[in-house]
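> sequence first, predicted coordinates after that:
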Amino acid sequence: MYHKFSSLLVGAVAAAALVGTAAIADNWRGWNIHVDGYPNTVAMDKFAELLEEKTGGEISLQMFHGGTLGSQPDAIEQLRLGVIDFGEFSLGPFGTSVPEANVVSLPFIFPSIPAMYEMMDGDVGEAISEGMRARGVEPLGWYDAGARSFYNSVRPINTPADVEGLKIRVMSNDLFVQMVESMDGNATPMAFAEVYQSIQTGVVDGAENNPPSYESTSHYEVASFYSLTEHLIIPECLCMSKITFDGLTEEQQTILKEAGANSATLQRELWQAREAASMEIVEAGGTVVNTIADKGPFQDAMAPVYDGFLEANPDLTDLVNLIRSGG
């Protein structure tokens, strides 16, 4: 009787474990701040489709777009705790918890978008991934968020001296404040939703962002000078909770990594097309676009930003040097 009861108990526990695993797989949740049709959203939907297809339905991902599961900082914390299984995040907000990720927020750290792709898909991306894994996040692919450039309502920016005296809205990050102040501009952190009216009313003279954001928010209507400084190239991460990842089989982990790489390739293609379309719209709307013939003076002006960052984070010197040397 004991052996029969023991066998039944073992069978029940095994069945419960299988049910539990299936329930978890069926309820994996993915966070994304962007709306339907945005390159990142399309790429994440493709990722979910590939997962279900390649695992024969063992893994099913329910996507929640438009930030419906909370703000980006909240969602990152939920991801680390395993409350959310997947997410697509800018590396910027990771800087407070993952010092390695904050390196990509240094101005002019990447010389170009293609160089960023190559480095993030290589040793630089792996170094940042190690830091993220140590804090509960498993990167699966690196998305493109374009290059951020200055726009304002006063004048074109061709040299650091052209920034002097301008009131520029920046994201809430000390590195970005220091970036503007190093060129004698006045950095003003504020919510992104407030930028249009603030430029329109003169509270600030301008801001900085990538072409799709500049266009889609209609900021070009109130700030018609767009100067392609490309001072910030901050990639985004398609990533998942390490708690969830570590609970998978090796085969499932391989499928996830392959799907993530395919998703990143698609997102980059879609992003480049969206950027080109946005530039056409703003130029047709009367925006004065200027390229920067020599970015050297801008890079030289960032020396105090780098000195302060490395003084506070000496253990990241090798990573900074790796990127600046081309990866």
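Looks like it came in fine. None of the values given here were measured: they were computed from a predicted structure. Numbering: from 1, shown residues only.

> going forward, measure contacts and count neighbours with C-alpha atoms only.
Noted.

> M240 sits in which helix or strand?
Secondary structure assignment for M240, by DSSP states H and E: strand 236-241.

> tell me which other helices or strands that strand touches.
Applying 3 or more CA pairs under 8 Å, 6 or more residues apart in numbering; DSSP states H and E, one finds that strand 236-241 contacts helix 72-81, strand 86-90, strand 137-143.

> tilt between it and strand 137-143?
Angle, strand 236-241 to strand 137-143, by axes from the mean of the first three to the mean of the last three CA atoms, to 10 degrees: 150 degrees.

> that older thread, in CSV, list the helices and strands packed on strand 236-241 along with mean pLDDT.
CSV is the format used below for the helices and strands packed on strand 236-241 (pLDDT from 0 to 100):
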stretch, mean pLDDT
helix 72-81, 91
strand 86-90, 94
strand 137-143, 98
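
> reformat these as TSV; add distance to L256 and mean neighbour count.
Formatted as TSV, those follow (distance: least, CA to CA, whole Å; neighbours: other CA atoms under 10 Å):
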stretch	distance to L256	mean neighbour count
helix 72-81	16	20
strand 86-90	11	26
strand 137-143	7	26
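
> could you dump those to TSV with distance to G247?
Putting the helices and strands packed on strand 236-241 into TSV (distance: least, CA to CA, whole Å) gives the following:
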stretch	distance to G247
helix 72-81	14
strand 86-90	14
strand 137-143	12
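
> out of those, which is closest to E283?
strand 137-143 (25.8 Å; CA to CA).

> right, and the helix or strand after that closest one?
Per DSSP H and E, the helix or strand that comes after strand 137-143 is strand 148-152.

> doesn't L81 make contact with I243?
Yes - using CA atoms under 8 Å, I243 is in contact with L81, at 7.4 Å.

> can you give me the helices in the stretch 101-250 of the chain?
Taking DSSP state H, counting those that start in this stretch as the test, the helices found in the stretch 101-250 of the chain are 113-120, 123-133, 174-181, 195-200, 211-216, 242-246, 250-284.

> include mean pLDDT when you put these into JSON lines, please.
Formatted as JSON lines, the helices of the stretch 101-250 of the chain follow (pLDDT from 0 to 100):
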{"stretch": "helix 113-120", "mean pLDDT": "96"}
{"stretch": "helix 123-133", "mean pLDDT": "97"}
{"stretch": "helix 174-181", "mean pLDDT": "94"}
{"stretch": "helix 195-200", "mean pLDDT": "97"}
{"stretch": "helix 211-216", "mean pLDDT": "94"}
{"stretch": "helix 242-246", "mean pLDDT": "96"}
{"stretch": "helix 250-284", "mean pLDDT": "97"}
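
> and those as TSV, adding distance to I292 and mean neighbour count?
Below are the helices of the stretch 101-250 of the chain laid out as TSV (distance: least, CA to CA, whole Å; neighbours: other CA under 10 Å):
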stretch	distance to I292	mean neighbour count
helix 113-120	15	17
helix 123-133	27	18
helix 174-181	17	20
helix 195-200	23	18
helix 211-216	16	20
helix 242-246	41	18
helix 250-284	16	17
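
> redo these as CSV? Include distance to L69.
Below are these laid out as CSV (distance: least, CA to CA, whole Å):
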stretch, distance to L69
helix 113-120, 28
helix 123-133, 21
helix 174-181, 27
helix 195-200, 24
helix 211-216, 22
helix 242-246, 18
helix 250-284, 21
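
> and of the ones you listed, who's closest to L228?
helix 211-216 (9.6 Å).

> can you give the distance from that closest one to the centre of its chain?
16 Å (CA atoms, centre = their mean, to the nearest Å).

> list the contacts for the residue lying closest to I157 once chain neighbours are set aside?
By the measure of CA to CA, 6 or more residues apart in numbering, the closest residue to I157 outside its immediate chain neighbours is S227, 5.6 Å from it. If you count contacts by CA atoms under 8 Å, 6 or more residues apart in numbering, S227 has them with S149, F150, Y151, P156, I157, N158, V289, N290, T291, I292.

> please repeat the previous calculation with a cut-off of 7 Å.
Taking CA atoms under 7 Å, 6 or more residues apart in numbering, we find S227 in contact with S149, F150, Y151, P156, I157, V289, N290, T291.

> buried among these? Make that a ChimeraX selection.
To isolate the buried ones among the contacts of S227 in ChimeraX, judged by 16 or more other CA atoms under 10 Å, type:
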select :149,150,151,156,157,289
